[in-house]
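Q: how does the following fold in three dimensions:
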Amino acid sequence: MSEQVLGHDEHDHGPDPQFLRRWITTTNHKDLGALYLWFSLLMFLVGGAMALVIRAELFQPGMQLVRPEFFNQMTTMHALVMIFGGVMPAFVGLSNWLLPVMLGAPDMALPRLNNWGFWILPFAFTLLISTLFMPGGAPAGGWTMYPPLVLQTGLAFPFLIFSVHLLGVSSIMGGINVIATILNLRAPGMTLMKMPLFAWSWLITAFLIIAVMPVLAGAVTMLLMDKYFGTSFFNAAGGGDPVLFQHVFWFFGHPEVYILILPAFGIVSHIIPTFSRKPLFGHASMVYAMSAIAFLSFIVWAHHMFTVGLPLAAELFFMFATMLIAVPTGVKVFNWTATMWRGSLSFETPMLFALGFVFMFTIGGFSGLMLAMAPADFQYQDTYFVVAHFHYVLVPGAVYSIMAAVYFWLPKWTGHMYDERLGKLHFWLSTIGVNLTFFPMHFSGLAGMPRRIPDYALQFTTFNQISSVGAFMFGFSQLLFVYIVIKCVRGGEKATAQVWEGAEGLEWTLPSPPPYHSFTIPPLVT
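A: Next up, the predicted model:
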């Protein structure tokens, strides 16, 4: 890589001011996509280190490494960093890179807003992580910030609330930009139903972001007023109700889960047809399924609250509404499977991660159906079974799709091929690690182990030790991912036309859905 690209010249030991100005003031969608993705990678490593603190403490019963308060701070910060710093910026980065390219647009519709939306993030996370070093320590009330527990936080509390506001502002800016770009800057002739599915997934996600982020802002503002301004929104002593906070929070929180997974559906809907050498099965039905999932996500929030004393009618409504989400989700899994059926499959790294996504996300979906059953949920609630469920959705779901997207589009972004052999090694190490980590949690949860505790009874030791070994295996295998990406960016084998036209590039030569009159099946791979 040249001296100029690195931002140095041979006579100057500091960073080149022009280099800094270029990256700080850039409004180019590709630059900002790259910034979002690098920032996301950094946050994954920070949040992953927090997860390893949790798993190291839980390797054996008894208190050995950290104080219980610090353990609870780690569970809170790990979730906030991974959700708002890892997964969401990664998907926004991918949307920045790919949407103008897919839509035939010159850039995102609002480039300066794009720049501002990104640069809010480093300051927001500096604020959030700095709470660990403040008197009284970081919030220890879980990422859900339930009162009255979170109100015990000391001086760090307003910093937590302000950082959450900033993260919401950044997300809303990204959502507005995506909607403006898709609705206004599509190439002539590209109707909405001809748009690639990644663009569709982001259009739906952007509407979700704009709808629910203000709800989170309202909830945390009411928390702030309860603590400092004498209100009693959630204080039972003053006539408020802490369960009200749960309703408001989960009205944001459940659509948020789909904000974290809908772009993944779009990514996988590009990768599977490419490596199956076939057009996607049922393009329109995939659009309708994603739209149905987004709509239903607004009317199922209280399935997180079956144990708070809801009326029976409410429990039945939320149980059936939650089970209904399985229908459009099942449509998507069926369509991905039908796309592969009788296709000419090859198993390069992006396809491996996409297949890992489909298989393990489905496991998370089935355990979600179990949790949707109100009578059974009384047993599962707040156990490690819930932890296993949502980590199967978010790690081999959202995170695998991001890795699949990076491997899939890295040759197009950099002009270089990643190391295929190391990519496959990364997939297998990650997959073994992720299943060792989270599958035993189903059993420890069904046996009654509560979540968010730093110590536990002896009978849970074996499952926890397997989970901790798997977590360290998964965590350290991500260093291999960092190495593969940096090696590819810095050079390596030149990407050939094959990446876009041949065995691995069907997606780049055809719109989705392809016009069948001009669609030719590439030769079968033997």
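
Q: and residue 112, how many neighbours?
A: Residues within reach of residue 112, counting by other C-beta atoms under 10 Å, total 10. For the C-beta atoms, the positions are set from N, CA and C on the backbone; glycine is no exception.

Q: and residue 108, by the same measure?
A: In terms of burial, residue 108 registers 26 neighbours under the definition other C-beta under 10 Å.

Q: surely it meets residue 181?
A: Yes: when contacts are counted by C-beta atoms under 8 Å, residue 108 is listed as touching residue 181 (5.0 Å).

Q: shared neighbours of these two, anything?
A: Common neighbours of residue 108 and residue 181, using C-beta atoms under 8 Å, 6 or more residues apart in numbering, are 99, 100.

Q: now do the helix or strand hosting residue 255, average pLDDT.
A: With elements delineated by DSSP states H and E, residue 255 resides in helix 242-259, which encompasses its position. Rounded to a whole number, the mean pLDDT of helix 242-259 is 96.

Q: how about stretch 219-226?
A: Across stretch 219-226, pLDDT averages out at 96.

Q: which residues outside it are in contact with it?
A: Residues beyond stretch 219-226 that count as contacts (C-beta under 8 Å, 6+ apart) turn out to be 145, 147, 150-151, 157-158, 161, 164-165, 231-235, 240, 245, 248-249, 252.

Q: restricted to helices, list those.
A: Counting by DSSP state H, those place 157, 158, 161, 164, 165, 245, 248, 249, 252 in helices.

Q: after the helix holding residue 255 comes which helix or strand?
A: From helix 242-259 onward toward the C-terminus, using DSSP H and E, the following helix or strand is helix 262-276.

Q: alpha carbons only: can I get that following helix in CSV?
A: Only the C-alpha atoms of helix 262-276 are listed here, as CSV (Å, rounded to 0.1, in the frame of the first residue of the first chain):
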residue,chain,number,x,y,z
LEU,A,262,-34.1,-8.0,8.0
PRO,A,263,-31.0,-6.7,6.2
ALA,A,264,-29.5,-10.2,6.9
PHE,A,265,-32.5,-11.7,4.9
GLY,A,266,-31.6,-9.4,2.0
ILE,A,267,-27.9,-10.4,2.0
VAL,A,268,-28.7,-14.1,2.1
SER,A,269,-31.2,-13.6,-0.7
HIS,A,270,-28.3,-12.4,-2.9
ILE,A,271,-25.7,-15.0,-1.9
ILE,A,272,-27.7,-18.2,-2.2
PRO,A,273,-28.9,-17.6,-5.8
THR,A,274,-25.4,-16.7,-6.8
PHE,A,275,-23.8,-19.9,-5.6
SER,A,276,-26.8,-22.0,-6.7
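
Q: that one versus helix 242-259: what angle between them?
A: Direction vectors for helix 262-276 and helix 242-259, defined by axes from the mean of the first three to the mean of the last three C-alpha atoms, to 10 degrees, enclose an angle of 20 degrees.

Q: quick one, helices of the stretch 1-150 of the chain?
A: Shown for the stretch 1-150 of the chain, the helices assigned by DSSP state H, counting those that start in this stretch span residues 3-6, 17-25, 29-57, 68-80, 88-103, 111-130.

Q: looking at the ones you listed, which is buried most?
A: Among the helices of the stretch 1-150 of the chain, helix 88-103 has the highest mean neighbour count (mean count of other C-beta atoms under 10 Å), at a mean of 25.
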